[in-house]
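K.L.:
Could you look at this predicted model? Sequence included:
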Amino acid sequence: MKKLVVSALALALSSGLAMAEDKTVRLGTEGAYAPYNFINDAGEVDGFEREVGDELCARAELTCEWVTNEWDSIIPNLVSGNYDVIIAGMSITAERDEVIDFTQNYTQPDPSAYLATSADADISGGVVAAQSNTIQAAFIAESGNTLVEFATPEETIAAVRNGEADAVLADKAFLTPIAAEDGDLVMLDQEELIGGGVGLGLRESDTELKAKLDAAIESMKADGSLNALLEKWEIGPGF
């Protein structure tokens, strides 16, 4: 882990001037985790985080553009300078904070829920799917349950449908509309509260950008506009 942190910090130092040289702030997201972020029919990034990101850029007087990146490499590509900010439903954790920096949270911790094909699915002795490198995957592994990991959220759902897993653990906001649209899938009563809420990820060296975005997040909390977006996209409790 120490080697990972040292390598990541070295990359951060080499790319720390990227924002100063280019006034456009690049926002990196996955585009595959509705309602936080997804690609709409027009091929554009959409969702809760699209609205939040655009508003934060306006309040911070930043010119921003959106970049999509696969989840598994989203932190390394931030550190190496392929974009300047991660805005991808990323929960703030101590392990991630060793490699990158975070703004204050713009969501409260959202309950993680289980989705299965039956209300009596065995989540303690069975197989539970989760997207790799997520707080849910870490939680299942630490609990001692059998974990099967997949690169994308869609693959975790497919694993439950085809019998590879007894259930999937993911953010409740992500699973709720899926359960509502598919009569063969049910949400289980058990929920897990993990993670410290979702924040923007930045390189450790980008302190000025972090300060601007923190101030913008605080202003959205203060005037109620952040709560309005949380309610619109049905994501957890407000502030």
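P.N.:
Right, received. Where do you want to start? Just so you know, these numbers come straight off a predicted model, no measurement behind them. Residues are numbered from 1 along each chain as shown.

K.L.:
Mind telling me what element V148 is part of?
P.N.:
Assigned by DSSP states H and E, V148 falls within strand 146-150.

K.L.:
strands paired with that strand, and their directions?
P.N.:
Strand 146-150 has the following strand partners under DSSP bridges: strand 127-131 (parallel).

K.L.:
Could you pull up the mean pLDDT of the partner strand?
P.N.:
Averaged across strand 127-131, pLDDT comes to 97.

K.L.:
switch to numbering from 20
P.N.:
Yes, from this point I'll number from 20; that puts the last item at strand 146-150.

K.L.:
after that strand, next one along is what?
P.N.:
Using DSSP H and E, the helix or strand that follows strand 146-150 in sequence is helix 154-162.

K.L.:
need the contact list for the residue most central in space within the chain.
P.N.:
Centroid-nearest residue in the chain: G108, 2.0 Å away (criterion: Cα atoms, centre = their mean). Contacts for G108 (Cβ atoms under 8 Å, 6 or more residues apart in numbering) come out as 49, 52, 55-56, 68, 190, 217. Where you see a C-beta, it was placed from the backbone N, CA and C, and this is true even at glycine.

K.L.:
Closest one of those to E89?
P.N.:
E49 (7.0 Å; Cβ to Cβ).

K.L.:
can you tell me how far the closest one sits from L207?
P.N.:
Computed with Cβ to Cβ, to the nearest Å, the distance linking E49 and L207 is 25 Å.

K.L.:
Please say which of the two ends up with more neighbours.
P.N.:
Between E49 and L207, counting by other Cβ atoms under 10 Å, E49 is the more crowded of the two (25 against 18).

K.L.:
pretty sure the more buried one is touching I58, no?
P.N.:
No - in this structure E49 lies outside contact range of I58 using Cβ atoms under 8 Å: 9.7 Å.

K.L.:
Identify the contacts common to these two.
P.N.:
Contacts common to E49 and I58, judged by Cβ under 8 Å, 6+ apart, are T87.

K.L.:
re earlier: tell me the mean pLDDT for the strand holding V167?
P.N.:
The model assigns strand 165-169 a mean pLDDT of 96.

K.L.:
Nothing else from me, thank you.
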